[in-house]
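Asker: make a model of this:
(3 chains)
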Amino acid sequence: MNRAAFVRAVKGGLLGGVGVIYFALVGMIERLDTLSIVGSVELSWLLILGPPFIAAYVLARPRVEAGEMRSASASRALWSGGIVGLVSWGLVAIGVGLVQWIGIDTVRSVFRSVSPTLIQILTLHHPVWPGILYLAPIVVLGALAGGALPLLPRRVRRPIITASGVVLLLGLLQQLVPPALDQLHIQRNWLYSNVTLGLSWIGAIVAFAVTFAITWFLQDRSLRDLVAGGPGARDRPGAEARVRTVLLVGWLALGAVLLAMPYLVGPVVARDLGFVGIYLLLGLGLNIVVGYAGLLDLGYVAFFSVGAYTTAVLTGGQLNTYKGLAAPILGAHLNFFLAIPIVVLVAALIGVAIGAPVLRLRGDYLAIVTLGFGEIARVIFGSTWAKNLFGGSAGMTHITDAAIGGYSFRTELHFYYLALGFCALAAFVSWRLQGSRIGRAWNAMREDEQVAEAMGISTIRYKLLAFAMGGAVGSLGGALFAVSIGSLTIASFTIFVSITALAIIILGGMGSIPGVVVGALILIGLPGVLTPLQDYQLLIYGAVLIVIMILRPQGLVPNVRRSRELHEEEVQQDAWMRPVEEGEVPVARGIEA
Amino acid sequence: MTTSETADGTGVVPSRELGRLEQLPIRRIVLTILTIGLVVIVGGGILKTLTLSGAEHLGWAFWANLVVIGLALGAVYALIALGYTLVYGILRMINFAHGEVFMTGAFVSFFFAQAYAASGFLNRSPWLSIAILLVVSMAVSTGVALLLERICYRPLRNAPRLVPLITAIGASLFLQNTFQGFFGAEPRGYPRPDVLSGTISIGPVSFDKMDPVVFATALIGMFVLNRFVQRTKTGRAMRAVSEDREIASLMGIDVDRTVVVTFVLGGLLAGIAAVLYAMTFGQVSATMGFLPGIAAFTAAVLGGIGSIPGAALGGLVLGVSESVGPYLLLSGVHVPSPFELRAVITFSILVLVLIFRPGGILGTGEAEKV
Amino acid sequence: MQQRTLAAMIGLVVTAMVGVACSSGSSSAPGGGGAADCNTPPGCVTVDAGAPIEIGTLLATTGATKNLGLDSLYGVELAVDYLDGTFDGTDGQLDGHPIKLVNETDGCSADGGQKGEQPLGSDPQMVGVIGTSCSSASLGVADKFFSDKGITIISPSATNPALTSEGTHQPYWFRTAHNDRIQAAVASDFAYQKQGWKTAVTIHDESPYTQGLTDGFKANFEAQGGQVLSEEAVNSGDTDFKALLTKIAQNPPDVIYAPDFNPVCALLVKQMADTSGLENTTYMGADGCSDPTFLSIGGPAANGSFLSGPDLTSFTGGDFYKNDFLPAYKQLAGSNPISVFHAHAFDAMNIMMNAIKQVAVVNSDGSLTIQRSALRDAVQNTNGYQGVIGTLTCTPLGDCATSVTIGVYEVPNVGFKDPNAKPVFTETKTLADVQ
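Answerer: Predicted structure coming up:
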């Protein structure tokens, strides 16, 4: 291989090694060693092999050289992979050696996560020498796999990646899937091992094979075709109706599953899903403000806290004082469902009040001012000044449960339904807004404010509307939060709530409702079922924001329109490089049609 | 339906009639009401406070002390705000992770400071050890700033404004938690050489020995930076890139290099601020950059973002308003514990300044639409 | 020992009665003390023969307060070790069943408590829980959650008064930790009576724990004739208190009572030294300040300030504590105690295990049936139990440490630096003595 490729491979290896060392220093390798994915392979191995694998993969991918797209030759890819693996391992070995030489206690006084357990993991539970040597072939193999992957034809590569992803997911969901299968009385001891709690080897192989087969089969076929009755059936008459029926059945099935969910997965997961529901409401509301109207709101927690405290005050919440409970100076004992319209109205008014001063501000200024509003809300709710209304630092308690008649929504199962109802309502409202005149006005405003004004759209009105509606939905989340625990303290209303809501819609896709759902499930649901990850929640959020914005700013489940907005230039520039699909006639790409 | 004439007077064009409501100059009305309200609230509050009598009376020494405290705090904000304003001027982008750039410098220099204090070197040669600490802190902060630029911001230079902003927030979270994972979440005590410990009193007004050091550094930093940007070739390049990036590159300016220089300057200033802050307050922690970062950004916006004197002025104004504001406005009306309402006062000032002067105090006075 | 014999006798009688009831074919004995009534909610736990008895812990073992949680966890583990009568590193057994500890973290917050309580509460085999470390994780969160499920929970270190007040107390929640009303009263006695201070200013941060203490201090201090000049509040993330201290210096008090967490405590005491006008004002904090950060950030300014907390030297299990417990702790943790509630956790676990032994019905097949409400009642009826920290008698409102000894230490002679440090003032009070 030529010199340039060699240098690139070494650089890749160094980056890979740095990645592994990073995971080690921040403590993730040791922490995730308690979670087994398949057999006795722990999640920490994903972190040890991941960086070299990714580095080798990126190096072996087709690249633009001398003006054309060239794929790497097999020998080059494999040699790169090997060098990456070797260099990564070398860096880790040097690190371990340094730790041994300086003395682990001295190192530990600075880098808290360097512990004997970490060294043990890296040396495969052998003494450091020759344990560290045993690590080498594993890392090299991992890197080689990464290098070999792009060599495979696309038809084989895609199913492999998907199948591996499914196996990984099943392994990660080990606290979720087995109890669910138990509830459904499905035998699952062959799939999940009782000893390691992760997937068993047999289970992993079966899952891999099944997913591989399904993905392979679906590869060249469009789902729509299949449903309509065969290849090319899409365009035949009567197909539309058939597709529509299947879609309808699909929606009904989804609805049924959602309704039956608590009985399928058990109370713990139902409680987690309820919590996901609260954040989903926040995400949907922020989606209106950021996703539809394009106003970057970093203080969304203000609406969350307004919703929670208003609900508390209106449904008989009591103040926690030194001498016991006391009633707030302004309060009521309304039924939760009677209080909701008032809460929503109050939040909408506050939304208008927040929006009014910031109408003329640009994105960056808007961000900092809204951030300020979030903080102001928190300070006011916790202040000594408002102690007789909101309880100050001690907060409020004894918030009456949401109930209709005698049916209380406090228990996990019932709360799930309450959350589900509110989320469905919010999703419905968002969906209708998206397709309405208001939604179109927001689109125009977001893409170019001056042109929108020139076309007669009153940006003032629509911005205020965005804040009001977004605030209303967010306050629903706050109301749910208040009745889910029954007590409130301002410690729950920090800026991290705003950032989490932002991360949800960024990950899922701004402006896309299914995207928000996916985002909430991943960012809130997953840490709920993966306890070792909870310590690193914010770290992962930060990394997710960075990676998504650089690689895929339209999110995981993008809104088609936003996707185009974000990628317009790229789409035009890179069009010449994309391989021509079969059946497509290459067209001179000028102005995108 | 009313009609209006076309430009050449030959035709008639029907135009939409403006309803009564839309004819009202809403903006002006709201602004007038707001101004009147402000004058009443603020003026009334201040009046009541200054007319407190007897045991509650707050003398001029009290206010003088608060102003001094505010200036000291404001000087730290100013140093950090200079970094924000530089990057914004060039890239039109708020580097939310600048607070973390500040934190990393402080944290790494902590390990050196701890060692020097333990060995006594800190007190034997205080100026030398401070110099070393500053160098370490500046190096780390600049390194982190450069990494940020290279990894997070350069790929997104042409993206819609929202994208790098969110990336910056992500980077801020990432850095905070990385340092927490590396070094632990609890705060660490940062030593100060004896020669800088203690207070100086001039009459009833007293201040910490660090305060004049910080204040002087902020002023010098502002002047040096301003001169750099106004007089040197690189400074000229920075101004050109901030006006129009594409034309500047057409004129032969290496945009990438200019951006790198900007981040380096911001990092250097943050590194200096880091050591000064750590010594003043005596502590570092992984989350120490977050609140000062927001405060500094507020200061930069307050003073007019993109303007170097504006950042310094904004910092000082913010510091003083945070110290003096709550007591000046709320003591008279007997609001309990005004101290915890500082954030409310600060952000209210920000909002008001942005309503009446959208570009900030030293800004142009017009709302920028682009 | 008497207590144990009595409990054993009761257990035998109960077993006998159950045996009679079962063999005569009826499913549940008619009323009265005796057989386990598993039909009324919250029902019973049945532990199979040889299977472990599950007891959960919900302690602050992660994050900035992890010393507090880990310290208590060591106390719990030592209690399980001591079940066989010696600290030998091997756990004892309860009625022939081993004890299995299921550990979760309470994150020292309401959110953390909510997360951590889920896996414990939804486990049908969970008999009891030792937790939470922090008041914020219990208040309205864990106390209600576990009471709704009928799981008895005993806290070793949650001290907020509201947790055991009329109207807010939850039926299944108990604590061996002191009630902060007592700590506040001792602090005010120290201030007014011992030091002769007449004026004070209180500063609390945003947590319920600190507000409970400052409210209590004010009530007791003013009842004795002292004057609280003002009650101030700060945010827990603040670092610059100079403006606040300057304002306080306008009318300087004899003492600033700021029972907050670090680094707020440390920064306050440091900046006090630099504020002119406060030269004659002393700083006083509580157990929230009591960790090494106070000294490392506070520096020389911290010397001469006072910190209140449990008086470790007054444990009536004094010899046992010094000669048996502490060495075993060192063996387990690898260091001296890292916080001050380990003995409270030890006693809490013992009360729990004694109550289980009292009410557990041993069935003929070797399994155990434990009626949840009976367990709760047994804990509540704990009377005159000789724990390490003192004599424990539980009350219907949940306080088991009714007679508490709080000590006030003068920095740098503090308990978290040296377990043998003697407080400069110590007082034993009961809830009846305080405001």
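
Asker: does any bit of the host helix or strand of A:Gly307 sit next to chain B?
Answerer: Following DSSP states H and E, one finds A:Gly307 within helix A:301-314. No. Applying C-beta under 8 Å from any C-beta of the partner chain, one finds helix A:301-314 out of contact with chain B, separated by at least 11.3 Å. C-beta coordinates here come from the backbone N, C-alpha and C atoms, glycine included.

Asker: using PDB, list the CA coordinates for the helix or strand harbouring A:Leu286.
Answerer: Taking DSSP H and E as the criterion, A:Leu286 maps to helix A:267-286. What follows is helix A:267-286 as a C-alpha-only set of coordinates in PDB (Å, rounded to 0.1, in the frame of the first residue of the first chain):
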ATOM      1  CA  PRO A 267     -45.900  -2.200  35.900                       C
ATOM      2  CA  VAL A 268     -42.300  -1.200  36.000                       C
ATOM      3  CA  VAL A 269     -42.100  -0.600  32.200                       C
ATOM      4  CA  ALA A 270     -45.500   0.900  32.300                       C
ATOM      5  CA  ARG A 271     -44.200   3.500  34.800                       C
ATOM      6  CA  ASP A 272     -41.200   4.100  32.500                       C
ATOM      7  CA  LEU A 273     -43.500   4.600  29.600                       C
ATOM      8  CA  GLY A 274     -45.600   7.000  31.600                       C
ATOM      9  CA  PHE A 275     -42.500   9.000  32.300                       C
ATOM     10  CA  VAL A 276     -41.600   8.900  28.600                       C
ATOM     11  CA  GLY A 277     -45.100  10.300  28.000                       C
ATOM     12  CA  ILE A 278     -44.400  13.300  30.100                       C
ATOM     13  CA  TYR A 279     -41.200  14.100  28.100                       C
ATOM     14  CA  LEU A 280     -43.000  13.300  24.900                       C
ATOM     15  CA  LEU A 281     -45.500  16.000  25.700                       C
ATOM     16  CA  LEU A 282     -42.600  18.400  26.300                       C
ATOM     17  CA  GLY A 283     -41.100  17.300  23.000                       C
ATOM     18  CA  LEU A 284     -44.300  17.800  21.100                       C
ATOM     19  CA  GLY A 285     -44.700  21.300  22.500                       C
ATOM     20  CA  LEU A 286     -41.100  22.300  21.900                       C
END
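
Asker: measure how far that helix is from the centre of its chain, please.
Answerer: Remark: helix A:267-286 is offset 13 Å from the chain centroid, using C-alpha atoms, centre = their mean, to the nearest Å.

Asker: still on that earlier bit, can you list the buried residues in the helix holding A:Gly307?
Answerer: By 16 or more other C-beta atoms under 10 Å in any protein chain shown, the buried positions in helix A:301-314 come out as A:301-314.

Asker: if we can go back for a sec, close to chain C, is the helix holding A:Leu286?
Answerer: Yes. Shown here: helix A:267-286 in contact with chain C (C-beta under 8 Å from any C-beta) through A:Pro267, A:Val268, A:Arg271, A:Asp272.

Asker: the third one - nearest residue in space that isn't next to it in sequence?
Answerer: Using C-beta to C-beta, 6 or more residues apart in numbering or on different chains and skipping the chain neighbours, the partner closest in space to A:Arg271 is A:Glu412 (4.2 Å).

Asker: could you say what helices and strands the helix holding A:Leu286 packs with?
Answerer: In terms of contacts (3 or more C-beta pairs under 8 Å, 6 or more residues apart in numbering or on different chains; DSSP states H and E), helix A:267-286 is packed against helix A:177-183, helix A:239-265, helix A:412-435, helix A:459-485, helix A:495-508, helix A:513-520, helix A:526-529, helix C:110-121.

Asker: what angle do helix A:412-435 and that helix make with each other?
Answerer: 20 degrees (axes from the mean of the first three to the mean of the last three C-alpha atoms, to 10 degrees).

Asker: now do the buried residues in helix A:267-286.
Answerer: In helix A:267-286, counting by 16+ other C-beta under 10 Å, buried: A:267-286.

Asker: and it, what's its mean pLDDT?
Answerer: Helix A:267-286 shows a mean pLDDT of 89.

Asker: before we move on, what about stretch A:203-215?
Answerer: Here stretch A:203-215 scores 88 as its mean pLDDT.

Asker: for stretch A:525-540, same thing?
Answerer: Stretch A:525-540 comes out at a mean pLDDT of 81.

Asker: figure out how far that stretch is from the centre of its chain.
Answerer: Worked out by C-alpha atoms, centre = their mean, stretch A:525-540 lies 11 Å from the chain centre.

Asker: and of the residues of helix A:267-286 next to chain C, the nearest to C:Leu431?
Answerer: A:Arg271 (35.5 Å; C-beta to C-beta).

Asker: I'd say that closest one and C:Gln118 touch.
Answerer: Yes. A:Arg271 lies in contact with C:Gln118 (C-beta atoms under 8 Å); the separation is 5.8 Å.

Asker: with chain B as the reference, measure out to the residue in the stretch 101-250 of chain A that chain C sits nearest to.
Answerer: Residue nearest to chain C within the stretch 101-250 of chain A: A:Gln175 (8.5 Å; C-beta to the nearest C-beta). Per C-beta to the nearest C-beta, to the nearest Å, A:Gln175 is found 23 Å from chain B.

Asker: okay, that residue and A:Leu35: tell me how far apart.
Answerer: 10 Å (C-beta to C-beta, to the nearest Å).

Asker: overlap of the contact sets of those two?
Answerer: A:Leu530 (C-beta atoms under 8 Å, 6 or more residues apart in numbering or on different chains).

Asker: chain B contacts on the stretch 101-250 of chain C?
Answerer: Going by C-beta under 8 Å from any C-beta, the residues of the stretch 101-250 of chain C near chain B are C:230-235, C:237, C:239-244, C:246-247, C:250.

Asker: report the distance from stretch C:114-130 to the chain centre.
Answerer: Averaging C-alpha positions (C-alpha atoms, centre = their mean) puts stretch C:114-130 19 Å from its chain's average.

Asker: CA atoms only: put that stretch into PDB for me.
Answerer: Only the C-alpha atoms of stretch C:114-130 are listed here, as PDB (Å, rounded to 0.1, in the frame of the first residue of the first chain):
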ATOM      1  CA  GLN C 114     -38.500   8.200  41.900                       C
ATOM      2  CA  LYS C 115     -36.200   6.300  39.500                       C
ATOM      3  CA  GLY C 116     -34.600   4.200  42.200                       C
ATOM      4  CA  GLU C 117     -37.800   3.100  43.900                       C
ATOM      5  CA  GLN C 118     -39.300   1.500  40.800                       C
ATOM      6  CA  PRO C 119     -37.300  -1.700  40.700                       C
ATOM      7  CA  LEU C 120     -37.600  -2.100  44.400                       C
ATOM      8  CA  GLY C 121     -41.400  -1.500  44.600                       C
ATOM      9  CA  SER C 122     -42.300  -3.700  41.800                       C
ATOM     10  CA  ASP C 123     -40.500  -6.700  43.100                       C
ATOM     11  CA  PRO C 124     -43.200  -8.800  44.800                       C
ATOM     12  CA  GLN C 125     -40.500 -10.500  46.900                       C
ATOM     13  CA  MET C 126     -39.300  -7.200  48.400                       C
ATOM     14  CA  VAL C 127     -39.900  -7.400  52.200                       C
ATOM     15  CA  GLY C 128     -38.500  -4.000  53.300                       C
ATOM     16  CA  VAL C 129     -36.200  -1.100  52.300                       C
ATOM     17  CA  ILE C 130     -33.500   0.800  54.100                       C
END
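
Asker: need the pLDDT of A:Ala260.
Answerer: For A:Ala260, the pLDDT comes out at 84.
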